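**Student:** need a 3D model of the following:
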Amino acid sequence: MAQDMNPRTCIVTRTEKSPDEMIRFVQGPDNQVFPDLKRKLPGRGVWITAQRKVLEEAISKNLFVRGFKDKVKVDDSLPQLVEDLLRQTALAALAMTKKAGLVATGQAKAEAMIRDGAALTLLQASDAGTDGVKKLAAAVKAQKVYEEKEVMLINEFTSEELDKTLNGTNTMYVALLEGGASRKLVKMISRLMNYKAQEA
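**Tutor:** Here you go, the predicted model:
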């Protein structure tokens with residue numbers, strides 16, 4: 001069954017946004033508030049703009065009590081829990097993208113995919129070396145000039161996270177090829193990055 005994509009109102013900003021731009025929270029049996037990232041859990045839910053700073057404001061102003069109209073319990077670790085869950089979801093999607101055959105690892109393969117116009121996005125480990133980063137950035141720039149196609153560069157994950165997810169060793173560069181799984185992955189990573197962003 002398709003999810004309801006009608007706009008929701010953030011209990012903090014009072015603005016309406018698409019559910020994809022928000023996070024739904026539900027009240028558990030013990031009155032504890034927890035995130036419902038998949039938006040499938042039963043019961044009353046409240047919605048908050050998918051940014052950590054907005055969630056922190058909701059907690060500091062005790063807005064969950066108003067939203068649920070009940071004396072709910074909110075753990076101070078909730079903002080970090082949401083970030084961790086968004087991260088886990090994105091990494092799980094990366095593993096699925098690999099299973100779909102839409103992942104090429106290694107600097108040489110990634111560069112070739114970019115120059116051939118086959119890459120949708122490039123994941124660079126946050127601890128990747130300067131030389132490799134510069135070389136692949138040049139390949140991306142050249143691709144944009146000659147093909148009018150801009151490859152997104154993402155450096156959200158460490159090489160250790162990429163290794164564990166892709167069963168690799170010293171994984172620094174991952175090219176994502178065009179496809180449904182890779183586009184879904186990019187959407188999830190963007191959601192994580194937006195959540196962490198300090199600017200509203």
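**Student:** count the neighbours of the residue nearest to residue 35 when sequence neighbours are not counted for me.
**Tutor:** Among residues not flanking residue 35 along the chain, residue 82 sits closest, at 5.1 Å (C-beta to C-beta, 6 or more residues apart in numbering). Backbone N, C-alpha and C define where each C-beta goes, glycine included. Residues near residue 82, counting by other C-beta atoms under 10 Å, number 21.
**Student:** OK, contacts around residue 45?
**Tutor:** Residue 45 makes contacts with 24-26, 36, 39, as judged by C-beta atoms under 8 Å, 6 or more residues apart in numbering.
**Student:** residue 48 should be in a helix, yeah?
**Tutor:** No: counting by DSSP: H, G, I helix; E, B strand; the rest coil, one finds residue 48 to be strand, located in no helix.
**Student:** can you pull the poorly scored residue ranges out of the chain?
**Tutor:** Filtered on pLDDT under 70, the chain yields the residue ranges 1-4, 143-150, 199-200.
**Student:** list the buried ones in stretch 111-127?
**Tutor:** 111, 113-114, 119-125 (16 or more other C-beta atoms under 10 Å).
**Student:** of all pairs in these, which one is the farthest apart?
**Tutor:** Greatest spatial distance in the buried residues of stretch 111-127: 120 and 125, 18.0 Å, computed using C-beta to C-beta.
**Student:** if we can go back for a sec, which element is the residue nearest to residue 35 on?
**Tutor:** For residue 82, the host element (DSSP states H and E) is helix 78-99.
**Student:** other residues contacting that helix?
**Tutor:** 23, 33-35, 37, 52, 55-56, 59, 75, 103, 123, 156-157, 161-162, 164-166, 174, 176, 179, 181-182, 184-185, 188-189, 191-192, 195-196.
**Student:** restricted to strands, list the residues you listed.
**Tutor:** In this view, the contacts of helix 78-99 that belong to strands under DSSP state E are 23, 33-35, 103, 123, 174, 176.
**Student:** check the separation of the first and last residues in stretch 21-34.
**Tutor:** 17 Å (C-alpha to C-alpha, to the nearest Å).
**Student:** brain fart, stretch 28-42
**Tutor:** 10 Å.
**Student:** any idea how far it is from the chain center?
**Tutor:** Remark: stretch 28-42 is offset 20 Å from the chain centroid, using C-alpha atoms, centre = their mean, to the nearest Å.
**Student:** for that stretch, buried residues please.
**Tutor:** Buried, per 16+ other C-beta under 10 Å, within stretch 28-42: 33-35, 37, 39.
**Student:** out of these, who's nearest residue 139?
**Tutor:** Set against residue 139, the nearest of these by C-beta to C-beta is residue 37 (34.2 Å).
**Student:** now, the most widely separated pair of the contacts of residue 45?
**Tutor:** Using C-beta to C-beta, these span at most 10.5 Å, a distance reached by 25 and 39.
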